[in-house]
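**Student:** Let's see this in three dimensions:
(one chain, ligands or ions: 1)
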Amino acid sequence: MTESLKHELLALALDIAKSTSEILVNQRPTNMAVESKSTPVDLVTEMDKKAEEHIVQRVQEVRHNDTFLGEEGTAHVVKNPSNVRWIIDPIDGTVNYFYNNPYWAISIGIEIDGEIAVGVVAAPLLHEVFYAVKDEGAFVEHDSKKSKLKTNFGATLDKALVATGFGYDPERRKKQGAALAEMVVNARDTRRAGAASIDFCYVAAGRLDAYYEYGLYPWDFSAGALIVTEAGGRVGGLNGQKLGGDWSLASNADLFEVLNKEVSRLNDKYFN
Ligand code: LIP
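**Tutor:** Coordinates of the predicted model:
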């Protein structure tokens with residue numbers, strides 16, 4: 001039953017990602033209403049809320065008892081909850097969306113019995129949809145051409161292209177910037193593009209060797225982490241912790257221990 005359920009959920013999530021993409025691209029207002037959340041630069045736009053409401057409504061049309069964890073907190077009370085939970089970032093890379101920078105995505109992770117079984121990351125302006133079903137591999141569709149995802153290889157930091165991101169609190173950014181100042185010297189190079197879910201997918205595609213960030217939420221990583229592991233990569237928290245703690249790490253399988261050692265060193269130096 002779980003096999004057919006996973007495939008039903010993937011089909012629904014891909015269709016929902018498509019209709020949400022159409023809303024976010026075709027209905028993007030010129031003068032977008034925007035509010036700040038945790039700090040003045042932590043934005044939420046009217047389109048974040050509209051997209052999340054659309055996703056929840058689409059699911060509820062066919063799956064009345066599923067539950068949700070969405071970045072924008074769309075409330076939804078279920079009397080008899082099912083074993084399926086949708087973990088939603090309606091616009092991952094909100095600042096990029098606000099600036100009409102194409103590096104943003106709709107991220108949908110789906111838990112069955114508490115374990116992520118399906119992940120979809122749709123990046124409409126990059127013309128790519130990344131997706132994975134647990135134990136069935138990871139794929140990307142680029143302009144409807146489907147390819148299997150496989151991480152690259154290479155186990156030394158000095159030859160690694162490493163991505164990261166920053167929070168919105170100035171004190172945290174000061175620490176993240178200090179850590180990056182060392183990583184940029186010790187790695188081949190670094191990237192900061194502004195959407196965690198796509199960064200995970202780029203590790204899965206071999207376009208990055210590694211990605212690390214402090215302070216991500218489940219909606220940032222749930223879908224992308226499954227896509228990385230199904231592409232042969234590794235994900236986790238720091239020093240054996242699960243994803244969801246302070247740190248999120250992802251890399252090709254060869255590099256993970258090296259990445260963990262370097263981030264652990266930077267954590268001890270700048271975050272404690
Ligand atoms: C974003 C993350 C990104 C992080 C940004 C922001 P949001 O998520 O995907 O990795 O560096 O600061 O948190 O807020 O755009 O959904």
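**Student:** And the helix or strand hosting residue 261, what's buried?
**Tutor:** Using DSSP states H and E, residue 261 maps to helix 256-270. Of the residues in helix 256-270, 256, 258-260, 262-263, 266-267, 270 count as buried by neighbour count, 16 or more other CB atoms under 10 Å. Placement of C-beta: from N, CA and C, glycine included.
**Student:** for the closest residue to the ligand within the stretch 151-272 of the chain, helix, strand, or coil?
**Tutor:** Nearest to the ligand in the stretch 151-272 of the chain, going by CB to the nearest ligand atom, is residue 165, at a distance of 2.3 Å. The three-state label given to residue 165 by DSSP: H, G, I helix; E, B strand; the rest coil is coil.
**Student:** what's near enough to touch the residue of the stretch 1-150 of the chain at minimum distance from the ligand?
**Tutor:** Of all residues in the stretch 1-150 of the chain, residue 94 sits closest to the ligand, at 3.8 Å by CB to the nearest ligand atom. Going by CB atoms under 8 Å, 6 or more residues apart in numbering, residue 94 touches 43-45, 48, 104.
**Student:** 7 Å - rerun?
**Tutor:** 43-45, 48 (CB atoms under 7 Å, 6 or more residues apart in numbering).
**Student:** I'd like those as CSV, with distance to the ligand appended.
**Tutor:** CSV is the format used below for these (distance: CB to the nearest ligand atom, whole Å):
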residue, distance to the ligand
43, 8
44, 8
45, 10
48, 8
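**Student:** among the residues you listed, which are in strands?
**Tutor:** Those of these mapping onto strands are 43-45, per DSSP state E.
**Student:** looking at those, which has the most residues close by?
**Tutor:** residue 45 (22 neighbours; other CB atoms under 10 Å).
**Student:** on that earlier part again, give me the neighbour count for the residue lying closest to the residue of the stretch 151-272 of the chain closest to the ligand once chain neighbours are set aside.
**Tutor:** Distances taken as CB to CB, 6 or more residues apart in numbering place residue 213 nearest to residue 165, at 4.5 Å, with adjacent residues excluded. Residue 213 has 23 neighbouring residues, counting by other CB under 10 Å.
**Student:** Okay, and the beta partners of residue 213?
**Tutor:** Counting by DSSP bridges, residue 213 forms beta bridges with residue 248.
**Student:** is it true that residue 251 lies in a helix?
**Tutor:** No. Read with three-state DSSP, residue 251 is strand and lies in no helix.
**Student:** Please give me every residue in contact with it.
**Tutor:** Neighbour list for residue 251: 203, 209-210, 233-234, 259 [criterion: CB under 7 Å, 6+ apart].
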